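Engineer: Only the shape, not the letters, is given here:
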């Protein structure tokens, strides 16, 4: 299995970098995700949020390979319980999928990225900052892995 996380935004605050690195350190090398940062599109007075979101979406799509199984983080997507994510992660590993997790920017995910997605995943009904989502995703991947390997991190 290959895993990549493609997120809009760069120059994350120190707490985000620390959280991301903490969970990357805990994950086995076989599950270590490639992190790809997409710069924010310029947001100027004459430019709409939709236009910026679509430019970011185009940049995200350029980072995808044709065989990628794409999971778009979307507030309107499917919610998952922890055990369901663990099951999906195990299936992705068994099928040796190339999984790409997409994190939109401050204005959300482009329609082109949502259309390309094989799965739309909602972490919460709350609107979460895209920087925090990076840490949450890595923690959840680590938690799912810990369940699948019977590591004591997760407690039911």
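Structural biologist: Thanks, I have the structure now. Every value quoted in this text rests on a predicted model; they were computed, and no experiment measured them.
Engineer: Now for the chain, the helix or strand with the poorest mean pLDDT.
Structural biologist: Ranking every helix and strand in the chain by mean pLDDT, DSSP states H and E puts helix 49-62 at the bottom, with a mean of 93.
Engineer: quick one: the helix or strand that comes right after that one to chain centroid distance?
Structural biologist: Downstream of helix 49-62, the next assigned helix or strand under DSSP states H and E is strand 69-79. Relative to the centre of its chain, strand 69-79 is centred 9 Å away, using CA atoms, centre = their mean, to the nearest Å.
Engineer: where along this structure do the strands fall?
Structural biologist: Along the chain, the segments classed as strands by DSSP state E run 2-8, 34-38, 69-79, 98-103, 119-122.
Engineer: Let me have these in TSV, extended by distance to residue 18, mean neighbour count and mean pLDDT.
Structural biologist: C-betas here are computed from N, CA, C, even on glycine. TSV is the format used below for those (distance: least, CB to CB, whole Å; neighbours: other CB atoms under 10 Å; pLDDT from 0 to 100):
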stretch	distance to residue 18	mean neighbour count	mean pLDDT
strand 2-8	16	22	97
strand 34-38	14	16	95
strand 69-79	21	18	96
strand 98-103	18	23	98
strand 119-122	24	17	97
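Engineer: To residue 138, which of these lies closest?
Structural biologist: Residue 138 sits nearest to strand 2-8 of all the strands of the chain, at 7.6 Å, using CB to CB.
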